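Visitor: Just the structure for this:
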Amino acid sequence: MAHPMQLGFQDAASPVMEELLHFHDHALMIVFLISTAVLYIIVVTVTTKLTDKYVLDAQEIEMVWTIMPAVVLILIALPSLRILYLMDEINDPHLTIKAIGHQWYWSYEYTDFTDLEFDSYMVPTQDLSNGQFRLLETDHRMVVPMDSPVRVLITAEDVLHSWAVPSLGIKMDAVPGRLNQATFMTSRPGVFYGQCSEICGANHSFMPIVVESVPLQHFEDWSLSMIDA
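Guide: Numbers count the residues shown, from 1 in each chain. The predicted model follows:
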């Protein structure tokens, strides 16, 4: 989850989020180089006689400021398209979960199991236990096995919602009457927090998302206990 005075992204908990962090650093370095070059040109232009019309109209300069932006766009587009492909690719997921947005809570259906579904409500402030986070903790967490591809089918029952977990690199709209899908694979155990990222009404800020990544054996024990309950 985010921390007070945090400036960067949350720690990555999935391979896709790791790629997104690398792409962010890559694009940020390009922006830094462009800003430095533009500032240098402005300073040189102001302090020297480069404003001469024979310099500004030179064919060589025309070629430079035509070719360089094209090269920069290619350097940004290629890794971006690669990540888009990785995020959209779904190869035989081990688990499929249907997430349904309501005003104002989420419900989850584990479609690979019989009668494994539950609603997930935010825990009120007065009911929080020690170590739980205000406005982020839920009474039932979405539990997934670690290192296993998980497909999430996302929809809504009433209005537009958005299922977003920053540390997993997921943000997908929940549209009534339509199924959107996202895929992820957690790379480490832990509890990862998110919130609805679409303004969906008065209690929009009170429908958090909690994903708990556990080893496979623990997930099997949890699923059996939920079915028996």
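Visitor: in this structure, which helix has the most residues?
Guide: The residue-count maximum for a helix in the chain (DSSP state H) belongs to helix 15-47.
Visitor: For that helix, give the mean pLDDT please.
Guide: When pLDDT is averaged over helix 15-47, the result is 90.
Visitor: What helices and strands are in contact with it?
Guide: Identification of packing neighbours for helix 15-47 by 3 or more C-beta pairs under 8 Å, 6 or more residues apart in numbering; DSSP states H and E yields helix 59-88. C-beta coordinates here come from the backbone N, C-alpha and C atoms, glycine included.
Visitor: who's in contact with the residue most central in space within the chain?
Guide: Nearest to the geometric centre of the chain sits Gly169, at 2.7 Å (C-alpha atoms, centre = their mean). Taking C-beta atoms under 8 Å, 6 or more residues apart in numbering, we find Gly169 in contact with 12, 14, 16-17, 19-20, 87, 184.
Visitor: which residue packs closest to it, ignoring adjacent ones?
Guide: Met17 (3.5 Å; C-beta to C-beta, 6 or more residues apart in numbering).
Visitor: Verify the contact between the one you found and Leu168 for me.
Guide: Yes - Met17 lies in contact with Leu168 (C-beta atoms under 8 Å); the separation is 6.0 Å.
Visitor: Skipping its backbone neighbours, what lies nearest Tyr110 in space?
Guide: Using C-beta to C-beta, 6+ apart, the nearest residue to Tyr110 is Leu116, at 4.0 Å.
Visitor: what does Glu19 give?
Guide: Using C-beta to C-beta, 6+ apart, the nearest residue to Glu19 is Ile83, at 5.1 Å.
Visitor: Check Arg188 too.
Guide: Nearest one to Arg188, counting by C-beta to C-beta, 6+ apart, is Ala13 at 6.0 Å.
Visitor: Which of the three states applies to that neighbour?
Guide: coil (DSSP: H, G, I helix; E, B strand; the rest coil).
Visitor: how about it, what does it touch?
Guide: 167-168, 186-188, 190, 192, 213.
Visitor: Which ones among these map onto strands?
Guide: Counting by DSSP state E, the part of the contacts of Ala13 found in strands is 190, 192, 213.
Visitor: ok, so of the residues you listed, who is nearest Asp158?
Guide: Nearest to Asp158 among the ones in strands among the contacts of Ala13 is Phe192, at 25.6 Å by C-beta to C-beta.
Visitor: which residues pair with the closest one across the strands?
Guide: Val211 (DSSP bridges).
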